[in-house]
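**Q** how would this look folded up:
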Amino acid sequence: MALSPLDLAFTALHGLSSNWVRSSLTTLGIFMGVTAVNAILNIDAISTNLIQQKLDARDNPFFTIWVYNADTTKPAPDLKEEDLAQLKRQVSGIKDISRVVWIKASQAQYLDKSVSNLEILGVSENYQRTTGRKILRGRFFEPRDFINYHPVAIIDRVLAKELFGRKNPIGEGIFLDGSRLLVVGVSESKNNWGKEKPNGTLWVPETYAHLIQGKITSGSPQIALSQLYNYQAVQQQTEAVLTQRYPNFSIYFMGNAEDLYKEDQQQRKSVQMLKVVGLLALVIGGVGIANITIASVVERTREIGLRRAIGATNFEVMLQFITEAVFLSFIGGITAIVTVHFLTEVATKNLFEVPYQFQFRDAAISMVAALVVGVGASFFPALRVSQIDVVKALQGD
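**A** Next comes the predicted model:
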């Protein structure tokens with residue numbers, strides 16, 4: 001009669017408790033391997049969260065481009081809509097392309113307060129989609145603002161605080177070198193260039209910026225990327241497309257996330273190396289578990305023969321050893337996950353001050369690794385023991 005699952009579990013537990021030293025060593029092997037895997041997954045998650053935290057402090061990853069002639073013998077061409085449309089068609093990884101006009105002005109003023117150290121941009125209608133910049137108060141520019149050349153402005157939170165303090169700036173007028181602008185929105189502040197503190201920023205509609213073109217210093221397309229890891233690839237593809245369209249000109253790039261891209265690439269390489277180390281730890285642990293299981297089979301030959309003699313099938317004998325491996329894998333895996341989580345939490349709160357949150361996905365991966373190593377290393381010894389001759393087993397051979 002076949003063993004019920006409950007009987008099988010009790011039999012496996014009895015087998016484990018009969019030699020607690022062997023069971024402890026097997027659990028330790030699983031613990032060490034899973035600890036390495038889970039720790040590496042935590043490091044990967046912390047590094048990813050740290051980069052994402054830095055990205056959140058900036059606009060969506062982007063770069064601006066300028067086409068110019070190095071020897072200045074030819075005027076630099078203005079990139080047209082067909083150029084941008086071709087980039088969207090041919091370059092994978094582009095999220096959107098907006099247009100930005102850089103405006104030179106000495107200061108922004110409201111009543112007796114003025115700010116001179118600020119960034120002033122004329123932007124296209126899709127600028128908010130490109131940057132991901134949120135409007136905290138008021139609204140973004142509407143189509144009529146572009147069509148009718150409205151002298152309206154959006155300021156970021158830093159500039160709003162410097163000019164208005166706690167007063168609501170929506171509907172107020174500010175002066176930009178003598179030109180009066182109506183504030184229609186306040187956006188969140190971003191630190192695009194990695195400075196310690198973001199400067200104030202002011203936006204006007206692109207058409208209004210062209211209307212005051214005597215104050216314009218330069219303009220360029222702003223290309224937003226769908227993913228940070230595409231940064232270099234998108235840049236290279238963009239350069240290839242524009243070089244083909246303008247063969248006698250050079251391409252200049254300026255991006256807001258080049259430093260984070262390099263940091264992300266370095267992190268990926270480091271994590272890959274650590275994953276190899278974790279895999280080796282699992283393999284070493286698996287070899288140790290296999291050796292212990294083989295020793296267990298030798299020690300328990302008479303027990304196995306007796307079970308076979310009273311009616312246990314080959315499959316039931318094999319299943320008992322696999323069940324024992326499952327129990328030890330769960331104990332070793334859960335202990336490793338809890339230990340790594342506790343140590344990581346202590347380290348991130350008291351030593352490194354980096355973002356960390358328990359990831360159920362990583363815990364699940366670690367448990368799967370524990371089961372694969374524990375059960376996998378025990379499978380062939382268990383398969384071998386199921387094929388032992390009953391008479392020889394009873395004799396202890």
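
**Q** tell me the contacts of K197?
**A** N191 (Cβ atoms under 8 Å, 6 or more residues apart in numbering). Where C-beta positions appear, they are placed from N, C-alpha and C, glycine not excepted.

**Q** mind telling me what element it is part of?
**A** Using DSSP states H and E, K197 sits in no helix or strand.

**Q** kindly provide the distance from it to E119.
**A** In this view, K197 and E119 are 13 Å apart by Cβ to Cβ, to the nearest Å.

**Q** quick one, phi psi at K134?
**A** phi -90, psi 140 (degrees, to the nearest 10).

**Q** now it, nearest residue through space, not along the chain?
**A** E188 (5.0 Å; Cβ to Cβ, 6 or more residues apart in numbering).

**Q** report how many residues lie close to the one you found.
**A** 15 (other Cβ atoms under 10 Å).

**Q** how close does it sit to Q222?
**A** For E188 relative to Q222 (Cβ to Cβ), the value is 18 Å.

**Q** buried sites along the host helix or strand of K161?
**A** Here K161 sits within helix 157-164, counting by DSSP H and E. The neighbour-count check on helix 157-164 (16 or more other Cβ atoms under 10 Å) flags 157-164 as buried.

**Q** low-confidence regions, the stretch 1-150 of the chain specifically.
**A** Screening the stretch 1-150 of the chain residue by residue with the criterion pLDDT under 70, one finds the ranges 1-20, 70-74.

**Q** how does it look with 50?
**A** Along the stretch 1-150 of the chain, segments meeting pLDDT under 50 span 1.

**Q** which stretches of it form strands?
**A** Taking DSSP state E, counting those that start in this stretch, the strands of the stretch 1-150 of the chain run over residues 62-68, 94-103, 108-110, 113-115, 118-123, 135-138.

**Q** so the longest one versus strand 62-68, what angle?
**A** Here strand 94-103 runs at 60 degrees with respect to strand 62-68, directions being taken by axes from the mean of the first three to the mean of the last three Cα atoms, to 10 degrees.

**Q** partner strands of strand 94-103 and their direction?
**A** Partner strands and pairing direction for strand 94-103 (DSSP bridges) are strand 118-123 (antiparallel), strand 216-225 (antiparallel).

**Q** the third one too?
**A** When pairs are called by DSSP bridges, strand 108-110 turns out to pair with strand 113-115 (antiparallel), strand 173-176 (antiparallel).

**Q** could you find the closest non-adjacent residue to the residue nearest the centre of the chain?
**A** In the chain, the centroid-proximal residue (Cα atoms, centre = their mean) is T48; its distance is 4.1 Å. Computed as Cβ to Cβ, 6+ apart, the closest residue to T48 that is not its neighbour in sequence is Q267, at 7.6 Å.

**Q** swap in Y229?
**A** D264 (6.3 Å).

**Q** follow-up on the earlier one: of all the strands paired with strand 94-103, which one is nearest I331?
**A** Minimum separation from I331 across those (Cβ to Cβ) falls at strand 216-225, 45.4 Å.

**Q** now the next helix or strand along the chain from the closest one: average pLDDT?
**A** Following strand 216-225 in sequence order, the next helix or strand is helix 231-245 (DSSP H and E). The pLDDT scores in helix 231-245 average 91.

**Q** now do helix 231-245 and strand 94-103, the angle between them.
**A** Using the same axes, to 10 degrees: helix 231-245 against strand 94-103 is 70 degrees.

**Q** which elements pack onto helix 231-245?
**A** strand 62-68, helix 81-90, strand 216-225, strand 250-255, helix 258-299 (3 or more Cβ pairs under 8 Å, 6 or more residues apart in numbering; DSSP states H and E).

**Q** cheers, nothing more for now.
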